[in-house]
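Visitor: Prediction below, plus the sequence it came from.
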Amino acid sequence: MFKTGPNMRSASENARQPRPDLDDVDEVIGASRMTSLRFRLERIARRRRLGVALTVLFFGATGVTGMIDGGHWPTVRSEIENLHVTVANAVGFRVIAVATEGQSALTDDEVLLALGIGENTALPFLDVGAARDRLMANPLVQDATVRKLYPDRVTVHLVERKPFALWQHDGKVQILAEDGTPIDEFRDSRFAHLPLVVGPSANLRARPLLDALDGAPKIKTETYAAVLVAERRWNLKLRSGVEVKLPETGFREALARLESLQATRNLFSKDIAIVDLRSPIRTVVRVTPEAADKLAEAEKAAEKARKKAGAT
């Protein structure tokens, strides 16, 4: 069994006593003059640090209050939140160029807006995944690839849906892709040159007709709209006011016949209202009401002249 002597008990009891607080160093018995001086200096330094901290906190709070009262806090807060962007731009990572490939119908503004690129965009913090999603949300975009090219460039590869025609139905006009899929609403003059098809299901049946019109350029130039009648056959509305009735089948041949008539007889310069091509063996032409009245008057005058000549 171990025994504890007086010296050992004294050491143990001294070890259990807590270290005096620095503020009570004057009461430390047996401390040397240098040790007491060191304790006093530490106490002064600790109090000064606390004072400096409180002073900084006071002036900081005063500054924030002044900025809030002066209406400058939102700007300052924005600068603080975007400090990482500011630093990145300062060291040369600000986006200065965007190179696009495959861009045709989309405008530069539409591309930049979708990318989310502005004057102070930092390349490291550009989310190319989100930028691609925004591009894909545009109905004109079929596919898109966005890449960063360090230190300061972005490349965009686009596959656009090709606008093919305008489709009027249910009181609205939409832009069609080649397969008849509606791309977007018709909003501006960029697509005003496209042929117009009208009627339910006209979007799904427009391609064969428009291909046939490519083979009759004079008729195509004169046509401003193609109306699908009863979802079976087409009527063409010409700029001169003439209506051309096409057959349900064989309209390519009918258009070729009309192209030949226009080239040889210049039909559209005459007082014609309707050209009916529904018969494969004959072309029926109906004149305008005004022209019909003139023909009727001319016929009456001719009949009167014949009668007078017979009486004499």
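Guide: That came in fine, so what should we check first?
Visitor: Could you give me the buried positions within stretch 225-242?
Guide: Within stretch 225-242, the residues scored as buried using 16 or more other C-beta atoms under 10 Å are 225-228, 233-238, 242. No exception for glycine: its C-beta is placed from N, CA and C like everyone else's.
Visitor: Of those residues, which pair is most distant in space?
Guide: Taking C-beta to C-beta, the two most distant members of the buried residues of stretch 225-242 are 228 and 242; they sit 18.2 Å apart.
Visitor: returning to that earlier point: narrow the buried residues of stretch 225-242 to those in strands?
Guide: Taking DSSP state E, the ones among those that sit in strands are 225-228, 233-238.
Visitor: Using JSON lines, please lay out those together with distance to residue 106 and pLDDT.
Guide: Formatted as JSON lines, those follow (distance: C-beta to C-beta, whole Å; pLDDT from 0 to 100):
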{"residue": "225", "distance to residue 106": "27", "pLDDT": "97"}
{"residue": "226", "distance to residue 106": "27", "pLDDT": "97"}
{"residue": "227", "distance to residue 106": "31", "pLDDT": "97"}
{"residue": "228", "distance to residue 106": "30", "pLDDT": "97"}
{"residue": "233", "distance to residue 106": "36", "pLDDT": "96"}
{"residue": "234", "distance to residue 106": "32", "pLDDT": "97"}
{"residue": "235", "distance to residue 106": "34", "pLDDT": "97"}
{"residue": "236", "distance to residue 106": "32", "pLDDT": "97"}
{"residue": "237", "distance to residue 106": "31", "pLDDT": "96"}
{"residue": "238", "distance to residue 106": "33", "pLDDT": "94"}
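Visitor: Helix or strand, whichever it is, which one in the chain has the lowest mean pLDDT?
Guide: Using mean pLDDT, DSSP states H and E, helix 6-16 stands out as the lowest-scoring helix or strand of the chain, at a mean of 46.
Visitor: Dump the ones in strands among the buried residues of stretch 225-242 to CSV, plus distance to residue 121.
Guide: Output for these, formatted as CSV (distance: C-beta to C-beta, whole Å):
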residue, distance to residue 121
225, 45
226, 46
227, 49
228, 48
233, 55
234, 50
235, 53
236, 50
237, 49
238, 51
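Visitor: From these, pick the one nearest residue 198.
Guide: Nearest to residue 198 among those: residue 227, at 4.5 Å, using C-beta to C-beta.
Visitor: For the helix or strand containing residue 213, give the mean pLDDT please.
Guide: If you go by DSSP states H and E, residue 213 is part of helix 202-214. The pLDDT scores in helix 202-214 average 94.
Visitor: And it, what's buried?
Guide: Residues 202-203, 205-207, 209-210, 212-213 are the ones in helix 202-214 that count as buried (16+ other C-beta under 10 Å).
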